[in-house]
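Asks: Just to be clear, the model below is a prediction. Sequence and coordinates:
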Amino acid sequence: MSVAAKRKPAGEGDTVFDRELDDLPEDLRWREWMGRIEAVLFASGSPVGREDLARVVGQGASIDSLIDDIQAELSGRPYEIARVSDAWMFRTRTRFADAIKAAADLGDRSLDFTEIEMAVLCAVAYHQPIDRAGLADIFGKEVNRDLLARLRFKNLIASGPRSPRPGAPHTFVTTAEFLATFDLQTLRDLPELELADD
């Protein structure tokens with residue numbers, strides 16, 4: 001039986017996942033925790049948060065140090081662990097994008113944007129939370145609901161808090177998928193805006 005499959009009996013047929021692995025030497029325990037984190041990230045299609053990763057390692061283990069050690073082992077590999085906000089995910093390194101496009105069936109999900117979709121997405125990213133009236137102020141006209149629905153469908157924007165405007169309309173904010181799509185760890189990584197003088 002592998003270390004990963006080892007469980008401690010709890011009683012009445014239940015088992016408890018052994019996070020601590022106290023019976024292992026320290027170096028083997030660390031390697032096992034690295035393997036668990038790598039497995040969780042590999043199995044997930046979206047970024048995995050610190051709290052979720054902490055459930056598979058010992059109580060005092062540093063998630064950041066474990067991730068750093070995994071990253072060191074992945075150096076030179078075509079994939080890496082990318083930080084997205086306070087979560088992590090596996091991602092193919094950018095330099096392999098053309099090879100993947102040439103060989104892989106990436107499905108029907110397209111992230112191609114029209115100019116207006118990209119403009120609205122940028123407005124939401126830089127001014128969030130923002131409601132439709134705020135977007136209309138920026139663009140000088142109403143923003144089409146279908147356009148906003150397309151950005152929601154691509155999971156790049158979501159509903160934010162209610163606006164303090166009369167009627168308390170919904171606002172829009174960017175998502176963790178937005179950060180991952182544009183290779184950002186946080187919104188602070190957005191490029192500085194260069195505003196034109198009027």
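Replies: Structure received.

Asks: Quote the end-to-end distance of stretch 78-87.
Replies: 20 Å (C-alpha to C-alpha, to the nearest Å).

Asks: If you count neighbours, what's buried in it?
Replies: The neighbour-count check on stretch 78-87 (16 or more other C-beta atoms under 10 Å) flags Ile81, Ala82, Arg83, Val84, Ser85, Ala87 as buried. All C-beta atoms are positioned from the backbone trio N, CA, C, and that covers glycine.

Asks: Can you pull out the residues in contact with it?
Replies: Applying C-beta atoms under 8 Å, 6 or more residues apart in numbering, the contact partners of stretch 78-87 are 41, 47-50, 67, 70-71, 74, 88-93, 96, 176, 179-180, 183-186.

Asks: Inside helices: which ones of the residues you listed?
Replies: Judged by DSSP state H, the contacts of stretch 78-87 include Leu41, Arg50, Ile67, Ile70, Gln71, Leu74, Ala176, Leu179, Ala180 as members of helices.

Asks: Looking at those, state which has the most neighbours.
Replies: Using other C-beta atoms under 10 Å as the neighbour criterion, Leu179 leads the ones in helices among the contacts of stretch 78-87 with 23 neighbours.

Asks: Show me what the closest residue to it other than its chain neighbours bridges to in the sheet.
Replies: Leaving aside its chain neighbours, Leu179 sits nearest to Val84 (4.8 Å; criterion: C-beta to C-beta, 6 or more residues apart in numbering). Note on Val84: beta-bridge partners Ala87, judged by DSSP bridges.

Asks: Please tell me how far Val84 sits from Ser65.
Replies: Separation of Val84 from Ser65 (C-beta to C-beta, to the nearest Å): 19 Å.

Asks: Next: Arg55.
Replies: In this view, Arg55 and Ser65 are 17 Å apart by C-beta to C-beta.

Asks: Next up, the contacts around Leu151.
Replies: Applying C-beta under 8 Å, 6+ apart, the residues near Leu151 are Glu117, Val120, Leu121, Val124, Ile157.

Asks: Okay, it and Thr92: tell me how far apart.
Replies: 24 Å.

Asks: try Pro161
Replies: In this view, Pro161 and Thr92 are 35 Å apart by C-beta to C-beta.

Asks: which of these two has more neighbours?
Replies: Each of Pro161 and Thr92 has its neighbours counted (other C-beta under 10 Å); Thr92 has more, 15 against 11.

Asks: My guess is that one contacts Ala103. True?
Replies: No: Thr92 is beyond contact range of Ala103, at 11.9 Å (criterion: C-beta atoms under 8 Å).

Asks: what's the average pLDDT for stretch 160-179?
Replies: Stretch 160-179 comes out with an average pLDDT of 89.

Asks: Just the buried positions in it, please.
Replies: By 16+ other C-beta under 10 Å, the buried positions in stretch 160-179 come out as Gly160, Ser163, Thr171, Phe172, Val173, Thr174, Thr175, Ala176, Glu177, Phe178, Leu179.

Asks: So the third one lies in a strand, does it not?
Replies: Yes: residue state for Thr171 (DSSP: H, G, I helix; E, B strand; the rest coil) corresponds to a strand.
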